[in-house]
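1. What follows is a protein structure lacking sequence information:
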């Protein structure tokens with residue numbers, strides 16, 4: 001194998017696939033990245049057997065070939081190089097990759113590419129061809145713009161505790177003309193949906209690990225917005241593949257194409273619709289930035305008291321103008337009091353929330369105002385951005401009870 005490519009492109013590809021490298025596997029090859037030179041492209045690949053990523057970057061291929069080398073060492077070396085061309089050559093007899101750039105010349109020992117697991121792909125005639133397992137199933141095209149934000153507004157609410165595997169995933173639902181994402185950790189629920197241009201031929205729901213969906217969001221940031229993301233779900237409903245097209249070889253620090261394939265979570269996602277409040281007794285509209293800043297101040301004291309922040313909603317006599325009062329207390333360090341102007345409709349109420357949950361959701365909202373809908377101090381509250389359709393984004397958060 002003899003191949004050359006720009007340092008910026010190789011660095012970009014390594015940053016994408018490196019997040020799929022296994023850090024705890026007993027198989028040494030899973031700590032490596034596969035480099036395969038073919039058809040004037042360089043394919044980089046990594047997997048931990050739960051997620052696999054293929055990334056193609058522009059390159060000049062003199063001799064085809066493949067090898068796997070340690071992910072961390074390769075990435076650290078490439079990132080330390082100045083911008084410019086990198087020449088790579090495989091010394092087959094020693095299974096060593098030689099890299100030369102500017103005044104640098106290194107040899108990295110690797111493992112035969114034959115030992116690297118096959119990462120499935122989809123053969124649709126548009127992407128690079130390779131010797132790989134081909135997935136067969138239903139394929140859906142999703143518009144790229146806005147998809148990253150949609151993912152960000154949901155994945156943070158998924159559980160990180162592996163004791164309940166289903167809650168570590170995001171339910172992805174394709175139904176009629178709407179795509180919906182939902183995640184919950186049992187204490188909060190985040191639901192985001194959008195209308196699509198064409199109706200889906202068949203309703204379908206799958207549960208994708210939240211971490212893997214988050215990786216897709218990071219990749220889409222650098223994608224070609226002119227081309228949709230291609231989604232393929234296998235017939236057995238056990239794997240999902242996302243294909244993302246890059247901005248092309250003319251752009252430094254870009255990729256040609258990325259395939260991300262993930263195992264799906266087999267368990268049924270809980271019926272979250274049952275916990276969404278159907279009505280409210282109090283509706284409070286407040287500036288998002290002001291509320292976010294107030295919650296961050298409250299967190300300084302709430303973190304010593306189970307992260308509890310108390311919201312006191314007071315209605316006013318002047319056309320609905322009222323106050324939203326936030327307070328947090330630290331038994332040893334003091335307390336925080338903050339009052340915000342708000343439009344309040346309905347009953348006055350005091351309710352306690354985990355301040356971290358409020359910060360998480362407010363940080364993902366771009367609109368200038370949010371609406372908080374509540375019923376009772378011991379019932380869930382809902383948060384929505386003002387200006388986005390009621391069915392577009394919804395966050396439900398459970399109240400807290402102060403320790404006795």
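-> Received, thanks. As the structure is a prediction and not an experimental result, all values here were calculated from the model.
2. Could you use CA atoms for every contact and neighbour count after this?
-> Noted.
3. and residue 73, how many neighbours does it have?
-> The number of residues packed near residue 73 is 11, by other Cα atoms under 10 Å.
4. helices or strands up against the helix or strand of the chain with the lowest mean pLDDT?
-> When each helix and strand of the chain is scored by mean pLDDT, DSSP states H and E, strand 137-142 comes last, with a mean of 82. Contact analysis of strand 137-142 by 3 or more Cα pairs under 8 Å, 6 or more residues apart in numbering; DSSP states H and E lists strand 229-234 as its packing neighbours.
5. circling back: after the least confident helix or strand of the chain, next one along is what?
-> helix 147-155 (DSSP states H and E).
6. Sheet-wise, list the partners of the least confident helix or strand of the chain with their directions.
-> If you go by DSSP bridges, strand 137-142 pairs up with strand 229-234 (antiparallel).
7. so after the strand it pairs with, what's the next helix or strand?
-> With secondary structure assigned by DSSP H and E, strand 229-234 is succeeded by strand 239-245.
8. Check the offset of that following strand from the chain's centre.
-> Centre-to-centre, strand 239-245 and its host chain are 14 Å apart (Cα atoms, centre = their mean, to the nearest Å).
9. Now do the least confident helix or strand of the chain against strand 239-245, angle only.
-> Here strand 137-142 runs at an angle of 40 degrees relative to strand 239-245 (axes from the mean of the first three to the mean of the last three Cα atoms, to 10 degrees).
10. now the helices for the stretch 1-150 of the chain?
-> 7-17, 71-79, 147-155 (DSSP state H, counting those that start in this stretch).
11. tell me which residues in the first one are buried?
-> This means helix 7-17. By 16 or more other Cα atoms under 10 Å, the buried positions in helix 7-17 come out as 7-14, 16-17.
12. Just want the angle from it to helix 71-79.
-> 150 degrees.
13. Report all helices and strands that helix 7-17 contacts.
-> Packing contacts for helix 7-17, counted by 3+ Cα pairs under 8 Å, 6+ apart, involve strand 41-47, strand 51-58, helix 71-79.
14. Quick check: which ranges of the stretch 201-350 of the chain have low pLDDT?
-> By pLDDT under 70, the low-scoring segments of the stretch 201-350 of the chain are 248-251, 253, 317-319.
15. in it, which spans are strands?
-> 204-209, 229-234, 239-245, 257-263, 282-287, 308-318, 321-330, 334-346, 349-354 (DSSP state E, counting those that start in this stretch).
16. I'd like these as JSON lines, with distance to residue 58 and mean neighbour count appended.
-> Below are those laid out as JSON lines (distance: least, Cα to Cα, whole Å; neighbours: other Cα atoms under 10 Å):
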{"stretch": "strand 204-209", "distance to residue 58": "30", "mean neighbour count": "21"}
{"stretch": "strand 229-234", "distance to residue 58": "20", "mean neighbour count": "20"}
{"stretch": "strand 239-245", "distance to residue 58": "13", "mean neighbour count": "24"}
{"stretch": "strand 257-263", "distance to residue 58": "10", "mean neighbour count": "25"}
{"stretch": "strand 282-287", "distance to residue 58": "46", "mean neighbour count": "21"}
{"stretch": "strand 308-318", "distance to residue 58": "52", "mean neighbour count": "20"}
{"stretch": "strand 321-330", "distance to residue 58": "54", "mean neighbour count": "21"}
{"stretch": "strand 334-346", "distance to residue 58": "53", "mean neighbour count": "17"}
{"stretch": "strand 349-354", "distance to residue 58": "48", "mean neighbour count": "20"}
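17. Please identify which of those strands is closest to residue 103.
-> Nearest to residue 103 among those is strand 257-263; the distance by Cα to Cα comes to 30.7 Å.
18. and residue 203, how many neighbours does it have?
-> Residue 203 has 12 neighbouring residues, counting by other Cα under 10 Å.
19. Do I have it right that it meets residue 173?
-> Yes - Residue 203 is within contact range of residue 173, at 7.5 Å (criterion: Cα atoms under 8 Å).
20. I'd like to know how far residue 160 sits from residue 122.
-> Using Cα to Cα, to the nearest Å, we find residue 160 at a distance of 30 Å from residue 122.
21. per the record, what domains does the protein have?
-> Here the domain assignment for the chain is 2-115, 141-229+263-272, 276-397, based on automatic domain parsing.
22. sorry, back to before: more neighbours: residue 160 and residue 122, which one.
-> A side-by-side neighbour count of residue 160 and residue 122, using other Cα under 10 Å, places residue 122 first with 24 against 15.
23. Buried residues of stretch 369-386, list them for me.
-> 369-377, 380-386.
24. Span of that stretch from start to end?
-> 5 Å.
25. Quick one: mean pLDDT over that stretch.
-> Taken as a whole, stretch 369-386 has an average pLDDT of 96.
26. what do you get for stretch 117-132?
-> Across stretch 117-132, pLDDT averages out at 62.
27. got it, and stretch 393-402?
-> 90.
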